[in-house]
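J.: Okay, structure incoming, though there's no sequence with it:
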């Protein structure tokens, strides 16, 4: 499957899907008379609305920047949003509604279940989808020739994280974890811990002791049992992947119980800038956050600086969330591909996406032709407490080139460590 043909795959669509693709209404161009329409399916209400909000802003900023510069081949970008409320069934409904409304360029699908729901219907929709989930299945067993992974997958992110921890903390040789008891997060821990062992051994010739992680119930208000167990363990480095309000609660309770005095380094992959904004001077002394984008790490990028200023003007907040990139990058990628193809024909745009380099908030990026996995930098920001406003600080950052941690391209096949 490594050399799977897009046209071969599309010929394999089942009878029912073929009927959908053959519908005259479906085959109309994905462009209004005067615009290029890009659709986003996001949680804009409900419990995950805080996730969707920065993505929506990022897409709107990208739209405005492109339109200010003359649009795409002279045509303005138009964004069309659908609210899925963080529900996979609503995600599928939103995608089908957009495609039925002649929107053929889609993104905004950030969370695992929602992204996998879309991957499951790719053969029944006539559209290109830029997925933003880190789920490895998208470029492996769920590979589809019109589906692209627009951000680093979990293997790349966690391998980069392990490399960074070895470089920064060569003497932290006992590691543990704390995260919700969910299959996808457990898989992340397994990847991180195995990569950590391999990196310490290959780079430093040192053996790392991995302590059994403290799994917690998703949505629990009480992390004290897990924290108390960590307090009595030999763990020096702690991998955390708590999400949203759970993560904030975990760190607040960890501060109260004195865990910050026990752990030498926190390696967090779930909270980004939300944690320092919530904790302020109660931040742990050393918190390395694995992020999507950080303006602190890309001050050399004119595009990154511009987006940060536009975000500040729109929201009054000088510190944008990394998820802004989830909205911004797909618009720029579609724009670059359509310009290169000089067409909105889906096959031609896919051909262009497989070859064109495009600007992102983290510099230039490209999709790997074989499996449609993006190759770009993976970013980390080191946060800590401060005594002056905003009462948290950034003391360091790191950028790991995606090419240095990329997994082999095996489209159509399950990922193997």
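T.: Nice, thanks for sending it over. Quantities reported herein were computed from a predicted structural model and do not represent experimental measurements. Numbers count the residues shown, from 1 in each chain.

J.: element containing the closest residue to residue 241 other than its chain neighbours?
T.: Leaving aside its sequence neighbours, residue 241 sits nearest to residue 179 (C-beta to C-beta, 6 or more residues apart in numbering; 4.1 Å). C-betas here are computed from N, CA, C, even on glycine. If you go by DSSP states H and E, residue 179 is part of strand 174-180.

J.: What are the buried residues along that strand?
T.: Neighbour counts over strand 174-180 (16 or more other C-beta atoms under 10 Å) mark 175-180 as buried.

J.: in the chain, which spans are helices?
T.: For the chain, the helices defined by DSSP state H occupy 6-11, 15-22, 49-68, 88-100, 112-119, 154-168, 183-199, 224-231, 244-256, 274-279, 302-315, 324-341, 346-353.

J.: For residue 360, find the nearest of those helices.
T.: Proximity to residue 360 (C-beta to C-beta) singles out helix 324-341 among the helices of the chain, at 4.9 Å.

J.: If I take the closest one and helix 49-68, what angle do their directions form?
T.: Taking axes from the mean of the first three to the mean of the last three C-alpha atoms, to 10 degrees, one finds helix 324-341 and helix 49-68 inclined to each other by 30 degrees.

J.: What mean pLDDT does helix 324-341 get?
T.: Helix 324-341 shows a mean pLDDT of 98.

J.: Same check on stretch 375-389?
T.: Here the average pLDDT along stretch 375-389 is 96.

J.: buried residues in it?
T.: Here stretch 375-389 shows 375-386 as buried, counting by 16+ other C-beta under 10 Å.

J.: How about residue 247: what's its closest non-neighbour residue?
T.: Nearest residue to residue 247, sequence neighbours excluded (C-beta to C-beta, 6+ apart): residue 271, at 4.5 Å.

J.: Can you tell me how far that neighbour is from residue 86?
T.: Distance of residue 271 to residue 86, given as C-beta to C-beta, to the nearest Å: 17 Å.

J.: more crowded one of those two?
T.: Set side by side, residue 271 and residue 86 show more neighbours around residue 271, with 26 against 21, by other C-beta atoms under 10 Å.

J.: you'd agree the more buried one is up against residue 249?
T.: No. With contacts counted by C-beta atoms under 8 Å, residue 271 stays clear of residue 249, the gap being 11.1 Å.

J.: Tell me how far stretch 386-399 lies from the chain's centre.
T.: Offset of stretch 386-399 from its chain centre (C-alpha atoms, centre = their mean, to the nearest Å): 23 Å.

J.: quick one: terminal-to-terminal distance for that stretch?
T.: Start to finish, the residues bounding stretch 386-399 are 24 Å apart (C-alpha to C-alpha, to the nearest Å).

J.: tell me which residues of that stretch are tucked away?
T.: For stretch 386-399, a neighbour-count test (16+ other C-beta under 10 Å) marks 386, 392, 394, 397-399 as buried.

J.: would CSV of the residues you listed with distance to residue 36 be doable?
T.: Below are the buried residues of stretch 386-399 laid out as CSV (distance: C-beta to C-beta, whole Å):
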residue, distance to residue 36
386, 44
392, 40
394, 36
397, 34
398, 36
399, 31
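
J.: Just the ones of those residues in strands?
T.: Cross-referencing the buried residues of stretch 386-399 against strands under DSSP state E gives 392, 394, 397-399.

J.: Quickly check the residues you listed for the two that are furthest apart.
T.: Farthest pair in those (C-beta to C-beta) is 392 and 399. Separation: 20.8 Å.

J.: Give me the pLDDT for residue 16.
T.: Here, the pLDDT recorded for residue 16 equals 37.

J.: right, I mislabeled it, should have said residue 122
T.: Looking at residue 122, its pLDDT is 97.

J.: Please apply the same query to residue 10.
T.: 41.

J.: Any regions of this structure where pLDDT drops low?
T.: Where the chain drops to pLDDT under 70, the residues are 1-33, 417.

J.: thinking again about what came up before, ok, the buried residues of stretch 375-389 vs residue 149, which is closest?
T.: Distance to residue 149 across these (C-beta to C-beta) is lowest for residue 375, with 10.1 Å.

J.: my guess is the closest one contacts residue 403, does it?
T.: Yes. Contact status for residue 375 versus residue 403: in contact at 5.6 Å, counting by C-beta under 8 Å.
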